[in-house]
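# I'll drop the sequence and a predicted model, then ask my questions.
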Amino acid sequence: MIAYLVNLATLMAIFGIAASSLNLLIGYAGIFSMAHAMFFGVGAYVGAQLALHVVADVGLAALAGGAVAAVLSLCLALPALRVRGEYFVAASLGLQMLASTIFGETHILTGGVGGLTGIPAPTLLGYDISSPVVYLLVVTSVLILTLVFIHSLIRGSFGRGLMAIRDSESAAEAFGKDIRSLKTLVVVIGCFLVGVAGSLLAFHMAFVNVESFTLDQSVLMMAMVIIGGAGTIYGPLVGVVTLMALPAGLSFLTFIPSTEIGTVQQFIYGVAMTLLMIFRPSGLVGQSRGRR
Amino acid sequence: MLLAQLAIAGLQTGMLYALTAAGFALIFGATRIFHVAHGATFVLAGYAFLESVGLGLHWTVATLVSLFVAIVFGLLLDVLVYRPIQRHDGSFFTVFVASFGVSIAAQNLLQFIFGGGFVSLSLPLTRASQVLPGLYIAPVLWVVLGVTVLVFGSITLFLERTNAGLGLRALAQNPELVRAYGLSSRKLSALAFGLGSALVVPGSILAAITTGLQPADSAHVMLISLAAAIVGGIGSLRGAALAGLLLGLVENLVVSVVDTQWSQAASFLVLFGFIIFRPSGLLGKASQS
């Protein structure tokens, strides 16, 4: 039972990082990316390859995963600079679909559909951190660092610039905000952070494959941000806990056959997304829209 | 001959996409609602058809049932989901998330009831015969061709020649003015949803009797129709249909160059390229964004 809870908490912390980084894009910059799982995957594959072939150091793997994701995020920054609204959503959807195919088909880099297995136990600066509790602590500290980082980012002039763009691009431009570099930078930062989360996931699972980085995962991350409350620091965390506790909670309901839990869970979160958008579009912890 | 065979398969898929995408473009053009649950309508209509046939109904009756299900689903979404959201918040992303939620819920409900596997119906119509050496064509191709031309022709006539069609086009261009002229934008948006949703029916029935249907198709159809609507140029029905055809052809023709697994990726590469380099689409006017 303890082992189960530690595992769940570790996953929640990893998704907490991922959802918070997506929130930076969706909630603060108004960049509605549906390709976040792609960068999550990039981080995971880079981290896994590094651990398999060079060194199983979590810190290095996370930095490398984040860095590669940040470089590739320029693919996302390009449409973000050129188009808005529905067009950008469509572009990011297209990118995500491309990425899922590439993950599934380039066997040398990603192991194809079979994925990469046998990722060695994680170390940090030479210390063994493979015990689940210790790893949970490491992941949680990364999560806290991420939150502090995002919080300070948002408080500063960078964050205010972003929110100005989100609320009115032309007004922000009139005030002399450099929209292009602000947008590019926020995409790069967001994707770096989710890349870090991806490599943490690779060590935690000791196995990565394309299943974890498909469109469904992007949608799940988006749902976490939206259900919790986009544009708030704690909203994404609430969303993560809610959505990840759901399958755990459902497994206690014995009248649902265990093979159907995934389906029922997806059904519930689909309905929840719709109902929230109708009755409380700012999410569970978000403030009412009057402020915006 | 392989190329010709692939082109024919592409044509058939492309025409399926064309009508579905035209439905999406009609709804999006007139109401500015990013109706991603359109894919769910497609799958629902297909299942409605298959289940009706399974119950022993004649295929014409089954087609009507499927038409009914599609239209009711579209109208219900308009009334129960989109209208309440638009009343308090115009943000397109809110609408998009709600619509996505509906489509996830519908897909999983279908999976829960009918299972996640492929269902299909085998008819003599879909049995391919050799036309030229190495070239196989199933008679269903001619049906697809006929239905597509007929449906597309009548929808174009409707939009161009009737008052309601004129209203729809006006709604797309200037909703405020439509209201000022005393036309009900509610009724017009309901019309757009009814008509747009009805347009999935030929495609979904044809998919059900040719390639087969599964609940997970909903996401694929959704992506293809929004890709086609954008590649074709938003607001242009003809553009969307043309782009749907193009995407179907691309998806099939690339098989001659790369493995089948890459065929869908090719369509999305086309989409991505269009958004970056020509966001106004094939037949669209100046970029809107």
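Yep, it's here. Numbers count the residues shown, from 1 in each chain, chains lettered A, B, ... in the order given.
# what about the residue of the stretch 101-250 of chain A found nearest chain B, neighbour count?
Of all residues in the stretch 101-250 of chain A, A:T101 sits closest to chain B, at 3.9 Å by CB to the nearest CB. The way it works is simple: take the backbone N, C-alpha and C, and place the C-beta from them, glycine included. A:T101: 20 surrounding residues under other CB atoms under 10 Å in any protein chain shown.
# so who does B:I224 touch?
Going by CB atoms under 8 Å, 6 or more residues apart in numbering or on different chains, B:I224 touches B:Y17, B:T20, B:A21, B:G244, B:L247, B:S267.
# does any part of the longest helix seen in chain A sit near chain B?
Longest helix of chain A, by residue count under DSSP state H: helix A:179-205. No: figure legend: helix A:179-205 not in contact with chain B (CB under 8 Å from any CB of the partner chain); closest approach 13.8 Å.
# go on, stretch A:2-20?
No: contact of stretch A:2-20 with chain B (CB under 8 Å from any CB) is absent, the minimum separation being 14.5 Å.
# same check on stretch A:154-168?
No: using CB under 8 Å from any CB, we find that stretch A:154-168 stays clear of chain B, coming within 10.8 Å at best.
# now tell me what touches that stretch from outside.
A:28-30, A:153, A:171-172, A:175, A:177, A:179, A:182-183, A:185-186, A:233, A:292.
# buried ones in that stretch?
Buried residues in stretch A:154-168, counted by 16 or more other CB atoms under 10 Å in any protein chain shown: A:I154, A:F158, A:G159, A:G161, A:L162, A:M163, A:A164, A:I165, A:R166.
# roughly how far does B:F152 sit from B:P202?
Computed as CB to CB, to the nearest Å, the B:F152 to B:P202 distance reads 10 Å.
# for these two, indicate the residue with more neighbours.
B:P202 (26 against 19).
# what about that one, which SS state?
At B:P202 the chain is in helix, as set by DSSP: H, G, I helix; E, B strand; the rest coil.
# hmm, back to that, filter the contacts of stretch A:154-168 to the buried ones?
Here, 16+ other CB under 10 Å leaves A:Y28, A:A29, A:G30, A:L153, A:A172, A:K177, A:I179, A:L182, A:K183, A:L185, A:V186, A:I233 buried among these.
# what about the second one, distance to A:G159?
Summarising the geometry, the distance separating A:A29 from A:G159, computed by CB to CB, is 9 Å.
# what's the answer for B:L50, then?
In this view, B:L50 and A:G159 are 52 Å apart by CB to CB.
# distance of B:Q264 from chain A?
Counting by CB to the nearest CB, to the nearest Å, the gap from B:Q264 to chain A is 7 Å.
# which parts of the chain are helices?
All of this is about chain A. Per DSSP H, chain A carries helices over the ranges A:2-23, A:29, A:36-53, A:58-72, A:74-82, A:85-105, A:107-110, A:132-155, A:157-167, A:169-174, A:179-205, A:215-228, A:235-250, A:261-279.
# look at chain B instead
Ranges of helices in chain B, per DSSP H, are B:2-31, B:38-54, B:59-76, B:83-88, B:92-114, B:140-161, B:163-173, B:175-180, B:185-198, B:200-209, B:217-232, B:237-253, B:263-277.
# could you list the low-pLDDT ranges of chain B?
Along chain B, the parts satisfying pLDDT under 70 run over B:89-90, B:122-136, B:281, B:283-289.
# angles on the backbone of A:I233, please.
phi -70, psi -40 (degrees, to the nearest 10).
# how about it, what does it touch?
When contacts are counted by CB under 8 Å, 6+ apart, A:I233 touches A:S20, A:L147, A:I150, A:H151, A:I154.
# mind giving me the ChimeraX select for those residues, buried ones only?
To isolate the buried ones among the contacts of A:I233 in ChimeraX, judged by 16+ other CB under 10 Å, type:
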select /A:20,147,150,154
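# could I get the contacts of A:I233 as a markdown table with distance to A:Q265 and pLDDT?
What follows is the contacts of A:I233, written out as a markdown table (distance: CB to CB, whole Å; pLDDT from 0 to 100):
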| residue | distance to A:Q265 | pLDDT |
| --- | --- | --- |
| A:S20 | 22 | 93 |
| A:L147 | 26 | 93 |
| A:I150 | 28 | 92 |
| A:H151 | 31 | 90 |
| A:I154 | 32 | 87 |
